[in-house]
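K.L.:
give me the fold of what follows.
(one chain, ligands or ions: 3)
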Amino acid sequence: MDKNTEPASGAKDSDVVLRVEHLTKHYPIKSGLVGRSKRYVHALEDVSFELHRGETFAIVGESGCGKSTTGKCVLRLTEPTSGKVYLDGEDFTSLKGADLTRARQKMKLIFQDPYSSLNPRMTVADIIAEPIDIAHTYKTRAERDARVEEIMQAVGLDLVFKYRYPHEFSGGQRQRIGIARAIVLEPEIVICDEPVSALDVSVQAKVINLLEELQEKLGLSYVFISHDLSVVKHISDRVMVMYLGHEMELAETDELYDRPLHPYTQALLDVIPRIGHERIQDKKILQGDVPSPTNPPEGCCFHTRCSKCMRVCTEKVPELREVKPGHLCACHLFDEALSEAERELMPMGVAQGAGAASPAASRQESGA
Ligand SMILES: Nc1ncnc2c1ncn2[C@@H]1O[C@H](COP(=O)(O)OP(=O)(O)O)[C@@H](O)[C@H]1O
Ligand code: SF4
Ligand SMILES: [Mg+2]
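P.N.:
Numbers count the residues shown, from 1 in each chain. Ligands and ions are numbered 1, 2, ... in the order given. Next up, the predicted model:
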């Protein structure tokens, strides 16, 4: 959807469970004696998307591109610098006190590393029951126990493990405990931040299957954050590609994988056969480094590594526009109104920016 034509802010639409509008996060860098900050990490810039009821919406991109920050800002685990989050049509970003606590029950998080988020001194039963203890959703001890057992069964944890401690479990089982805790209050949305990245490949498939089963049974909507393109292709309905805090492309999964429009998405997908598997973390997608998010390039943030960089790309941020129905892309290549001068391909070396790769090298790498 073109940002200029999107529906009125927060418009209630029963199919849309979560609407994120122009979300931006600049982390201050503390410096000087009084710790006053003049510089910022531009972690997230003007990101907008919708999550439909029962859908899995994936966010992909290289390490440091702002995926986790998006999740944290949506949940308000860190406050966004600007932008809005609407949960069931309600402005979640402006909620406070009891209203915020109530709304938070609708949206839960699953972490990459469940172990670090599980209290080592609590039994599995107490870990799973903690959210219902806080929310006071039961009347008797027996009701609490019954709910814990029901959830343990739903996530495939044997009831004999009820009074065991996190260190006694394997990575996959710990992730099941993390999932149990996330769903015990019956949320509408689960934000899964790299939920299988720390697991062995054989265990990954089982946890993914469990997430799919629970989605079907409980009608959950997922924001699925991952750098693993094969997992994303398998599990998601739609995909958003991020680079340096920006939303580069958004489309239905098959459309994005079969007909990527953005040069960055094309580079991500091109790399799969070369590296033999689909993990993009720590892999060189293109020549050169990702520019520093404290000093991002002017114009298109990808221009320092893009083989198709034109004059306009170094000057103007490309708008996210709907190039085909449901297929959004932020790239000047799809702006038909550009002048000849703006379309001028940048000569080698001119498109170089802060912390950037040599454009000459980038062009060779991409075969341009
Ligand atoms: N608390 C923080 N303070 C300062 N910078 C941060 C903080 N958290 C993340 N960042 C920076 O924000 C950028 C985006 O990080 P993150 O959202 O964790 O990316 P991803 O999840 O895609 O790997 C990175 O440059 C990261 O170093
Ligand atoms: S806007 Fe320009 S630099 Fe950015 S991806 Fe498109 S062609 Fe490349
Ligand atoms: Mg992350």
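
K.L.:
with adjacent residues omitted, what lies nearest to residue 145?
P.N.:
residue 125 (7.6 Å; CB to CB, 6 or more residues apart in numbering). All C-beta atoms are positioned from the backbone trio N, CA, C, and that covers glycine.

K.L.:
report how many residues lie close to that neighbour.
P.N.:
Using other CB atoms under 10 Å, the number of residues around residue 125 comes to 18.

K.L.:
in contact with it, which residues?
P.N.:
With contacts defined as CB atoms under 8 Å, 6 or more residues apart in numbering, the neighbours of residue 125 are 145, 148, 162, 163.

K.L.:
nearest to ligand 2, of those residues?
P.N.:
Comparing the contacts of residue 125 against ligand 2 with CB to the nearest ligand atom picks out residue 148 as the nearest, at 50.0 Å.

K.L.:
what packs against the helix or strand harbouring that closest one?
P.N.:
Per DSSP states H and E, residue 148 falls inside helix 141-154. When contacts are defined as 3 or more CB pairs under 8 Å, 6 or more residues apart in numbering; DSSP states H and E, helix 141-154 sits against helix 124-135, helix 171-183.

K.L.:
need the ones you listed in a markdown table with mean pLDDT, can you?
P.N.:
Shown next, in a markdown table, are these (pLDDT from 0 to 100):
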| stretch | mean pLDDT |
| --- | --- |
| helix 124-135 | 96 |
| helix 171-183 | 96 |
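
K.L.:
and those: which comes nearest residue 110?
P.N.:
Judged by CB to CB, the one of the helices and strands packed on helix 141-154 that comes nearest to residue 110 is helix 171-183, at 5.2 Å.

K.L.:
now for that closest one, which elements pack on it?
P.N.:
strand 107-110, helix 114-117, helix 124-135, helix 141-154, helix 201-218.

K.L.:
who's in contact with the first one?
P.N.:
To tie it back to what came earlier, the one meant is strand 107-110. Contacts of strand 107-110 (CB under 8 Å, 6+ apart): 18, 71, 74-75, 77, 87, 92, 175, 178-179, 182-183, 185, 187-193, 195.

K.L.:
strands - which of those residues land there?
P.N.:
Using DSSP state E, the members of these that fall in strands are 18, 87, 189, 190, 191, 192, 193.

K.L.:
nearest to residue 215, of those residues?
P.N.:
Taking the ones in strands among the contacts of strand 107-110 together and measuring to residue 215 by CB to CB, the closest member is residue 190, at 8.5 Å.

K.L.:
count the residues that sit near the residue in the stretch 201-350 of the chain positioned nearest to ligand 1.
P.N.:
Nearest residue of the stretch 201-350 of the chain to ligand 1: residue 293, at 4.3 Å (CB to the nearest ligand atom). Number of residues near residue 293 (other CB under 10 Å) recorded here: 21.

K.L.:
so it, which state does it fall into?
P.N.:
Look at residue 293: counting by DSSP: H, G, I helix; E, B strand; the rest coil, its state is coil.

K.L.:
gap between it and residue 196?
P.N.:
Remark: distance between residue 293 and residue 196 (CB to CB, to the nearest Å) = 26 Å.

K.L.:
cool, and residue 44?
P.N.:
Distance, residue 44 to residue 196, using CB to CB: 24 Å.

K.L.:
which residue does the chain have closest to ligand 3?
P.N.:
residue 68 (3.2 Å; CB to the ion).

K.L.:
write out the residues of the stretch 201-350 of the chain neighbouring ligand 2.
P.N.:
Residues of the stretch 201-350 of the chain lying close to ligand 2 (CB under 6 Å from any ligand atom) are 263, 300, 302-303, 306, 308-310, 313, 318, 331-333.

K.L.:
make JSON lines from those residues and add pLDDT, secondary structure and distance to ligand 3 to it.
P.N.:
Formatted as JSON lines, these follow (pLDDT from 0 to 100; DSSP: H, G, I helix; E, B strand; the rest coil; distance: CB to the ion, whole Å):
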{"residue": "263", "pLDDT": "95", "secondary structure": "helix", "distance to ligand 3": "23"}
{"residue": "300", "pLDDT": "97", "secondary structure": "coil", "distance to ligand 3": "23"}
{"residue": "302", "pLDDT": "95", "secondary structure": "coil", "distance to ligand 3": "20"}
{"residue": "303", "pLDDT": "94", "secondary structure": "helix", "distance to ligand 3": "24"}
{"residue": "306", "pLDDT": "93", "secondary structure": "coil", "distance to ligand 3": "24"}
{"residue": "308", "pLDDT": "93", "secondary structure": "coil", "distance to ligand 3": "28"}
{"residue": "309", "pLDDT": "94", "secondary structure": "coil", "distance to ligand 3": "28"}
{"residue": "310", "pLDDT": "96", "secondary structure": "strand", "distance to ligand 3": "32"}
{"residue": "313", "pLDDT": "96", "secondary structure": "helix", "distance to ligand 3": "27"}
{"residue": "318", "pLDDT": "98", "secondary structure": "coil", "distance to ligand 3": "25"}
{"residue": "331", "pLDDT": "98", "secondary structure": "coil", "distance to ligand 3": "24"}
{"residue": "332", "pLDDT": "98", "secondary structure": "helix", "distance to ligand 3": "29"}
{"residue": "333", "pLDDT": "97", "secondary structure": "helix", "distance to ligand 3": "29"}
